[in-house]
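sequence first, predicted coordinates after that:
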Number of protein chains: 2
Amino acid sequence: MSDLSTLIVSGDPRGIARGISLVEDDANAGASLIGEIFSRTGRAFLVGITGAPGAGKSTLVDALVTRWRRANQTVGVIAVDPTSPFSGGAMLGDRVRMQAHAQDANVFIRSMATRGHLGGLARATADAALVLDAAGKDLIAIETVGVGQDEVEVVGTADVCVVVLVPGMGDDVQALKAGIMEIADIFVVNKADRDGTDRAVSEIEAVLGLHPYTDGEWRPPIIRTQATTGDGVDALIAAIATFREHAGALIEIKRRQRIEAQLRAIVADRLMARVESMLGSVELQHVIDRIAAKETDPYHAAAGILEKV
Amino acid sequence: MSDLSTLIVSGDPRGIARGISLVEDDANAGASLIGEIFSRTGRAFLVGITGAPGAGKSTLVDALVTRWRRANQTVGVIAVDPTSPFSGGAMLGDRVRMQAHAQDANVFIRSMATRGHLGGLARATADAALVLDAAGKDLIAIETVGVGQDEVEVVGTADVCVVVLVPGMGDDVQALKAGIMEIADIFVVNKADRDGTDRAVSEIEAVLGLHPYTDGEWRPPIIRTQATTGDGVDALIAAIATFREHAGALIEIKRRQRIEAQLRAIVADRLMARVESMLGSVELQHVIDRIAAKETDPYHAAAGILEKV
């Protein structure tokens, strides 16, 4: 085992930070690291948290971390920050707020950008979670803004997926029917002091009512919270614990899905690396010239490239 | 040329609709279609429009379409709708608003979901734009919410990229420095009747000031609009026209980037299809079993799979 792996397994914060940077930035060294620490993983419980910009996700995560620490659990947080400027002001302010835990060696908080990861965000966050897992963190919160395929995939394969909504969603609840039902294990209506909370809850209930839950099937509870005061956060903690106890088979399915998604991401990444190195030659520019001149089209050109692989 | 291609080239709306569905849903038939119509493409001018949920992008596109039609230009609109529920209410309301043009055979409007495209959103929107281009549309607007790597890529390789902001962005402008400078050709501050418009403009100016624009290099103008009243929309149209006249070399670079991105997406897609068909066997479940049992790790397992390719 390398020095870095030893540091990580000992729970050393600088080791964890270096390990996560490695899996983010260096495909080969990151792969070796995961290979070394992988046998030490599988103990941590992954809590995915997603919701609109401004829904109060970070404040909620902060409140969860405070309570988990009181219960003597060690905690890792992976906060996926949109790289785009359009996601609301949360991006800068919330990371500062989380520094309430900065002096606590048993809490490790890491922001990750949504863009620019080799093999995609899902691969990068899965690997970062493995590093935190190997470092002995009991609970790992993964927080994303629920926009975009990658971001949804990231929380959808956590052990439990918490979807955070706020009163006054209006038409958004319509979209629940289309997109989010399959990933939410627990709904949170945050800012539950606001007008429209009852309506938001009953709208979610109505959507849940469309699905015929069978005996023993997990039905997502709806928890009302006020993350800023802490109201309802204990109920959310209890709901997560209940899910963990009663939905073991579902969690097992998610873990397999997570492994599968990661495996596919790695395979795709490496195949593309091979193609890139092949396309890196002058030939690519020549092919683009031919397409631009309408001598061929992108599909025939792609078929030509693939024949040479 | 197939019947469908003939219909598309004649500008028939049902033909266009079927063509776009084909490139969205059927990899092989879509590829054949693009192969047939590709020589008829290259005339249309692609206008990418991106911005935060609620920035008024759809209203702005609507106002642009009205003016383009007055100038006797034919128009296509590809509106990329987030599949996620967290993107703001625009998703449903705005498509309705665009129906102002529903009776106009020279305007074709199509919504596309962000998720579930073979080969990714960039490939699907590029192909849909080719269908509209072959159908003789003079101008094609592509509208996305500016969150997520795919969405940004889609507008970043349009012929011109319009980034729509609203007053009161606060810290978001900080993020401009990091993420959006390289894709914006024109900035719009919409809802310019609101307090904070001057501040938003000067914040964008400050960001632009960090870049040393050389003689002849395009410097993104900042246009103030009120899409709901139409104020400033003519100025935006003029800015787009100026860009088109004066930034020919830049547009040529973007067209090559678009071809390259599409080529890579197709190659990646087809390679993954091969891997999928290989992984589709019971073997994949066996590999996942071994990873779940910690007998191997995802990277070694991926390497094993790739050896067999």
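Everything's here; your move.

any idea how far A:Leu284 is from chain B?
When distance is defined by Cβ to the nearest Cβ, to the nearest Å, A:Leu284 is 7 Å away from chain B. Backbone N, C-alpha and C define where each C-beta goes, glycine included.

look at that residue and tell me its secondary structure.
Secondary structure of A:Leu284, reduced to three states by DSSP: H, G, I helix; E, B strand; the rest coil: helix.

count the neighbours of it for me.
By other Cβ atoms under 10 Å in any protein chain shown, the residues close to A:Leu284 number 17.

isn't A:Cys160 up against A:Ile251?
Quick fix: residue A:160 is Val, not Cys. Yes: A:Val160 is within contact range of A:Ile251, at 7.4 Å (criterion: Cβ atoms under 8 Å).

which one's more surrounded, these two?
Neighbour totals were compared for A:Val160 and A:Ile251, and A:Val160 leads with 24 against 19 (other Cβ under 10 Å).

contact partners for the more buried one?
With contacts defined as Cβ atoms under 8 Å, 6 or more residues apart in numbering or on different chains, A:Val160 is in contact with A:Phe45, A:Leu46, A:Val47, A:Gly48, A:Asp185, A:Ile186, A:Ile240, A:Phe243, A:Arg244, A:Ala247, A:Ile251.

mind checking how far it is from A:Ala192?
Distance check for A:Val160 against A:Ala192: by Cβ to Cβ, to the nearest Å, it reads 20 Å.

same question, A:Val166
In this view, A:Val166 and A:Ala192 are 9 Å apart by Cβ to Cβ.

for A:Arg14, same thing?
As judged by Cβ to Cβ, A:Arg14 and A:Ala192 stand 39 Å apart.

neighbour count winner among these two?
A:Ala192 (21 against 10).

secondary structure class for that one?
Assignment for A:Ala192 (three-state DSSP): coil.

ok, it - contacts?
Counting by Cβ under 8 Å, 6+ apart, A:Ala192 has contacts A:Pro167, A:Arg224, A:Thr225, A:Gln226, A:Asp231, A:Gly232.

again, 10 Å this time
A:166-167, A:198, A:200-201, A:223-227, A:229, A:231-232 (Cβ atoms under 10 Å, 6 or more residues apart in numbering or on different chains).

which of those residues count as buried?
A:Val166, A:Pro167, A:Ala200, A:Val201, A:Ile223, A:Arg224, A:Thr225, A:Gln226, A:Ala227, A:Gly232 (16 or more other Cβ atoms under 10 Å in any protein chain shown).

next, the closest residue to A:Phe187 other than its chain neighbours: phi, psi?
Closest residue in space to A:Phe187, ignoring its immediate chain neighbours: A:Ile222 at 4.5 Å, by Cβ to Cβ, 6 or more residues apart in numbering or on different chains. For A:Ile222, the backbone dihedrals (degrees, to the nearest 10) come out as phi -120, psi 120.

what's the neighbour count on A:Ile222?
The burial count for A:Ile222: 20, using other Cβ under 10 Å.

correct me, but it touches A:Asp198?
No: counting by Cβ atoms under 10 Å, A:Ile222 does not reach A:Asp198; the two are 11.0 Å apart.

list the residues that contact both of those two?
Joint contacts of A:Ile222 and A:Asp198 (Cβ under 10 Å, 6+ apart) are A:Val189.

tell me, what's touching A:Val160 and A:Ile251 both at once?
Residues within reach of A:Val160 and of A:Ile251 at once, by Cβ under 10 Å, 6+ apart, are A:Phe45, A:Leu46, A:Asp185, A:Trp218, A:Phe243, A:Arg244.

looking at this, the second one is in a strand?
Right, A:Leu46. Yes: the assignment for A:Leu46 by three-state DSSP puts it in a strand.

that one: what's it in contact with?
Shown in contact with A:Leu46 (Cβ under 10 Å, 6+ apart): A:76, A:78, A:125-126, A:129, A:132-133, A:137, A:139-142, A:155, A:157-161, A:251, A:254-255, A:258.

in helices only, show me those residues.
Secondary structure from DSSP state H places A:Thr125, A:Ala126, A:Ala129, A:Leu132, A:Asp133, A:Val155, A:Ile251, A:Lys254, A:Arg255, A:Arg258 of those in helices.

buried set for stretch A:62-69?
Under 16+ other Cβ under 10 Å, the buried positions of stretch A:62-69 are A:Asp62, A:Ala63, A:Leu64, A:Val65, A:Thr66, A:Trp68, A:Arg69.

could you confirm whether stretch A:267-278 reaches chain B?
Yes: judged by Cβ under 10 Å from any Cβ of the partner chain, stretch A:267-278 comes into contact with chain B at A:Val267, A:Ala268, A:Asp269, A:Arg270, A:Leu271, A:Met272, A:Arg274, A:Val275, A:Glu276, A:Met278.

got it, and stretch A:227-234?
No: judged by Cβ under 10 Å from any Cβ, stretch A:227-234 and chain B are separated, with a smallest distance of 16.7 Å.

please name the bridge partners of A:Ile49.
With DSSP bridges as the criterion, A:Ile49 is bridged to A:Glu143, A:Val162.

my guess is it contacts A:Val162. True?
Yes: judged on Cβ under 10 Å, A:Ile49 makes contact with A:Val162 at a distance of 4.8 Å.

what segments of chain A are helices?
A:3-9, A:13-25, A:27-37, A:57-70, A:90-97, A:120-134, A:149-156, A:172-179, A:197-209, A:233-246, A:248-279, A:282-292, A:298-308.

got a list of contacts for the first one?
I take that to be helix A:3-9. A:1-2, A:12-20, A:22, A:29, A:32-37, A:40, A:130-136.

any of those buried? List them.
Members of the contacts of helix A:3-9 classed as buried by 16+ other Cβ under 10 Å are A:12, A:15-16, A:19-20, A:22, A:32-37, A:40, A:130-136.

by neighbours, which of the residues of stretch A:267-278 next to chain B wins?
A:Val267 leads those on contacts (other Cβ under 10 Å) with 24 neighbours.

how about the helices of chain A in TSV, adding distance to B:Tyr299 and mean pLDDT?
Putting those into TSV (distance: least, Cβ to Cβ, whole Å; pLDDT from 0 to 100) gives the following:
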stretch	distance to B:Tyr299	mean pLDDT
helix A:3-9	14	96
helix A:13-25	10	92
helix A:27-37	4	92
helix A:57-70	29	93
helix A:90-97	30	45
helix A:120-134	9	90
helix A:149-156	19	72
helix A:172-179	31	49
helix A:197-209	39	87
helix A:233-246	28	96
helix A:248-279	6	84
helix A:282-292	28	88
helix A:298-308	25	88
